[in-house]
Structures are given as structure tokens and as C-alpha cells.
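S.K.: I'd like to go over a predicted model; first the sequence, then the structure.
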Amino acid sequence: MSKGGRNLRLDQGAKTEDLPSEKDSPTSANVETMQEFGQLRLPSTESNLHVMTIVGQIEGHMILPPQNKTTKYEHIIPQLVAIEQNPKIEGLLVVLNTVGGDVEAGLAIAEMLATMSKPTVSLVLGGGHSIGVPIAVGARYSFIAETATMTIHPIRLTGLVIGVPQTFEYLDKMQERVVRFVVNNSGISTECFRELMFRTGELARDIGTVVIGKEAVQARLINEVGGLAQALAKLRQLCRGGE
């Protein structure tokens, strides 16, 4: 009887080891993905398109306060490299709802997006403010929702600022990088973009301009007013070799 009891205990032990742990469960994987990347794992379906979201504040080399919703450039850049190298992915849709953030990090993402060989489409929902503008125009084709807004304003510095001419020259050079990128990757002219950037009287506590939906298209900053269906249709068209 002791032998039988021993065998029973061994069998129970073997069965316990075969059971999947809580860590390996789909629910645990979903929770982990939600906490790390703000995304949920959807049922896997075969698709040749990849969707990337850029939301909240774009975080640079300094970690932002925990209450801020952020997009970390160290998460986005490796994803863009992986998408470029993955033969199963034929096109990329970038969905933006961002207040802007770090200039260097935002420009790095925009440059990566603009230099991809695969078709890319951007869709501005809610807002694509500040350094979100270069990211939006970095795609091969851009859409903006009818109610979405984009704020165009000069670059600001935070923290200790030394009041010397070199500080202004540094700011001017950095601002010129943003202006040049936006002009080169959209239909807007340098004069028009600078006029929007330095306009006074529109913002209560700043200089600059807020453009809404059609206004962004009329300024030739964004290609078209549209939503998700239009953006996906355009991306599929580009993947088939259309323009």
C-alpha cells in the first residue's frame, strides 16, 4: 500500500509539473504587454500591415514623471528596424495622438520613418502637436482627422538656461533642423511654415498656430483629411505599387 501511495504521489507530482504556470498563461502575457507597451495582444491574423501608435509625450533621454503618458524612443526605434527587415510586413501605419516632447527623440523617430523603404502612412487623431508634426509628415502619405489639431510653435528649452548669444544660436540651429525636415517631407513652403511658427495673437501664452483638420491640408502640411479606413486603403494601394 505504501508503494501504491508513493506511486500516486509521484504521478501527482508529474501532473503538477506538466500544468502551465500562471506566468505562461495568455492572460498574464496580455497584462505584461499592456503594462510595458500599452497594447493588448489581439487574436493572431495574417496581415501584411503593421500599426504603430505614438501617444502622450515623446520621452527623450530624461525619464518623465510617472503620471505622464509617454512614448519611449528606445521602444519605437527598434520596432522600426524590425519592421524594415521583416519580409512579412509590407506597410506601416503610424497613428499619432501626441502633445510633442523631446526634439532629438522626435526627430530621430521622424528620420527613421522617412528613410524606410516600405510604404508608410501616418494618421493624426486628436492631436499631433509640436515635434509630432515632423513624425506625421515623415510618412510617405499623411492623413489627419477632421477634428484633429496640430500646434506649430518655436522650440523651447527647459531647466537652467544661460543667457548668452551661443544659447540662441544653438536654439536657432535646432529649430532650423525641424523646419528643414518638415519642408522637405511635405508640400508646405519654408516661408509659410515659419509664418505659422512665429505667428502672434493666436495662442494666449505662446507664439505659434493651431491648425485643425482641413487647415493642415490647405497649408499643404498634411496630404488629406481622413480616418482609419482611408489610411488603410491608401497604405494597401502603396503596397501594390500605386501612388
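M.R.: It's in. Numbers count the residues shown, from 1 in each chain.
S.K.: Quick check, pLDDT for residue 117.
M.R.: Residue 117 carries a pLDDT score of 96 in this model.
S.K.: can you tell me which helix or strand the residue nearest to it when sequence neighbours are not counted belongs to?
M.R.: Excluding the flanking residues, the one nearest residue 117 by C-beta to C-beta, 6 or more residues apart in numbering is residue 84, at 6.8 Å. Using the backbone N, CA and C atoms, a C-beta is placed for each residue, glycine as well. Using DSSP states H and E, residue 84 sits within helix 73-85.
S.K.: Neighbouring strands of the helix or strand that that helix is followed by in the sheet, and parallel or not?
M.R.: On the C-terminal side of helix 73-85, the closest following helix or strand by DSSP H and E is strand 91-101. The strands beside strand 91-101 in its sheet (DSSP bridges) come out as strand 49-59 (parallel), strand 120-128 (parallel).
S.K.: what's the top helix by length along the chain packed up against?
M.R.: Longest helix in the chain by number of residues (criterion: DSSP state H): helix 165-184. Applying 3 or more C-beta pairs under 8 Å, 6 or more residues apart in numbering; DSSP states H and E, one finds that helix 165-184 makes contact with helix 103-114, helix 132-138, helix 190-197.
S.K.: Would you mind finding the most buried of those helices?
M.R.: Mean neighbours per residue, mean count of other C-beta atoms under 10 Å, is largest over those for helix 132-138, with a mean of 28.
S.K.: what's the offset of that one from the middle of its chain?
M.R.: Computed by C-alpha atoms, centre = their mean, to the nearest Å, the separation of helix 132-138 from the middle of its chain amounts to 9 Å.
S.K.: At the geometric centre of the protein, which residue sits there?
M.R.: Centroid-nearest residue in the chain: residue 54, 2.6 Å away (criterion: C-alpha atoms, centre = their mean).
S.K.: That one and residue 134 touch, don't they?
M.R.: No: the criterion here is C-beta atoms under 8 Å, and residue 54 misses it with residue 134 at 11.5 Å.
S.K.: Could you tell me which residues touch both of these two?
M.R.: Shared contacts of residue 54 and residue 134, defined by C-beta atoms under 8 Å, 6 or more residues apart in numbering, are absent.
S.K.: Count the neighbours of residue 217 for me.
M.R.: Counted by other C-beta atoms under 10 Å, the residues lying close to residue 217 total 18.
S.K.: secondary structure class for it?
M.R.: The three-state label given to residue 217 by DSSP: H, G, I helix; E, B strand; the rest coil is helix.
S.K.: Pretty sure residue 171 sits against residue 164.
M.R.: No: applying C-beta under 8 Å as the test, residue 171 and residue 164 come out as separate, 11.6 Å apart.
S.K.: So for those two, which sits in the more crowded spot?
M.R.: The neighbour comparison of residue 171 against residue 164 (other C-beta under 10 Å) goes to residue 171, with 15 against 9.
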